[in-house]
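*Asks:* whatever this is, show me its structure:
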Amino acid sequence: MHIVVVDPSRVVLKVISSLLDPRGYIVNTFTDSREALDYITTHRSVTALITSLEVRPLSGLELCWSARLLADAHRPLYIITMSSARNARNLAEALDSGSDDFIDKPPGAEELYARLRAADRMTRMQRELIRLAETDMLSGLLNRRAFLQRVTDAAERAGDHGRLGLVLADIDHFKRINDENGHDVGDLAIQGVAQALCEIPDGIVGRLGGEEFGIALPGRTLEEAEAAANRIRLRCTHLRFKGARGPVQLTCSFGVSAWSEGETVASLHKRADIALYEAKSIGRNRVVSAFADLILARAG
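*Replies:* This next block holds a predicted model:
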């Protein structure tokens with residue numbers, strides 16, 4: 001467990017660190033609450049915050065509230081507040097500000113360990129719930145909602161001048177595979193393509209519905225995303241599945257777009273979708289990139 005501890009006293013921080021370090025916890029300590037919040041924001045591995053109420057420049061309650069806002073539906077974070085003045089008012093304010101637990105300062109070793117065991121149980125359950133909420137059960141990939149959220153996050157990191165490629169993939173003649181071989185073989189086809197898509201390093205991969213998939217490629221140009229799509233296309237042609245009438249082969253079609261200044265995720269997706277439609281309409285088993293002339297022609 002990665003823990004951030006915040007207190008104005010370096011002595012208190014040293015005491016808590018001496019209790020946690022031997023137990024194998026990763027611990028970062030801060031006397032400045034704003035620096036602590038910045039660290040938690042940029043280090044998603046942090047799953048527990050222990051903060052005194054008497055910190056500055058953000059008060060302990062403000063830090064709890066701000067940290068709780070970071071712990072959205074995609075990130076578990078357990079918050080423990082501590083104070084040398086334990087009373088009903090402090091406890092109520094801390095819980096109302098987003099704290100999960102309250103402990104005396106300085107904390108006793110056994111009580112601190114017990115609280116952190118509870119924190120570990122809670123964050124493990126939260127991570128599992130997040131996984132279930134974001135995962136397409138058949139393919140094991142991100143589901144549509146989670147995929148689009150990850151693409152949005154990647155686009156925000158890219159900014160106006162960063163690089164981000166988007167590839168949309170569709171299994172060719174998927175209905176025929178289902179009709180001729182049954183849905184079990186269709187499911188195997190979806191799983192096989194999903195596995196092939198995951199072979200791209202650093203790709204964000206999701207199943208968008210039915211036989212359609214998406215791959216976001218942070219830091220990639222249009223040409224690099226197109227090359228990656230072609231590699232996947234070739235891998236898919238080598239997939240084989242046992243069908244009712246013998247081995248089943250398949251192909252996939254791909255549409256590619258790349259992030260540009262003033263782009264939105266919706267327009268990035270739309271351009272890749274138009275390119276995918278073009279790939280399907282001119283013969284399938286191919287990659288088409290969303291160049292401006294293609295988009296203008298289709299939009300017209």
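*Asks:* from here on, just use CA atoms for contacts and neighbour counts.
*Replies:* OK.
*Asks:* and Met137, how far from Asp187?
*Replies:* Distance, Met137 to Asp187, using Cα to Cα, to the nearest Å: 11 Å.
*Asks:* between those two, which is the more surrounded one?
*Replies:* Asp187 (16 against 12; other Cα atoms under 10 Å).
*Asks:* and the more buried one, what is it in contact with?
*Replies:* Going by Cα atoms under 8 Å, 6 or more residues apart in numbering, Asp187 touches Leu138.
*Asks:* same thing with Leu58?
*Replies:* Contacts of Leu58 (Cα under 8 Å, 6+ apart): 33-34.
*Asks:* do the same with Val205
*Replies:* Here Val205 is in contact with 141-142, 147, 197-198, 213-216 (Cα under 8 Å, 6+ apart).
*Asks:* same check on Gly206?
*Replies:* By Cα under 8 Å, 6+ apart, Gly206 lies in contact with 136, 141-144, 146-147, 213-215.
*Asks:* out of those, who's the most crowded?
*Replies:* The residue in these with the most neighbours, by other Cα under 10 Å, is Gly214 (31 neighbours).
*Asks:* is it in contact with Cys198, as I believe?
*Replies:* No. Using Cα atoms under 8 Å, Gly214 is not in contact with Cys198, being 10.7 Å away.
*Asks:* one step back: among the contacts of Val205, which lie within helices?
*Replies:* Counting by DSSP state H, the part of those found in helices is 147, 197.
*Asks:* of the contacts of Val205, closest to Leu168?
*Replies:* Proximity of those to Leu168 (Cα to Cα) peaks at Gly214, which lies at 4.6 Å.
*Asks:* look up how far Ala194 lies from the closest one.
*Replies:* Per Cα to Cα, Gly214 is found 10 Å from Ala194.
*Asks:* Arg115 too?
*Replies:* Arg115 is 40 Å from Ala194, by Cα to Cα.
*Asks:* so which residues of the stretch 151-300 of the chain form helices?
*Replies:* If DSSP state H, counting those that start in this stretch is used as the criterion, the helices of the stretch 151-300 of the chain fall at 174-181, 183-197, 222-237, 265-281, 292-299.
*Asks:* about what we covered before: quick one: which of the contacts of Gly206 sit in strands?
*Replies:* Among the contacts of Gly206, the ones falling in strands (DSSP state E) are 213-215.
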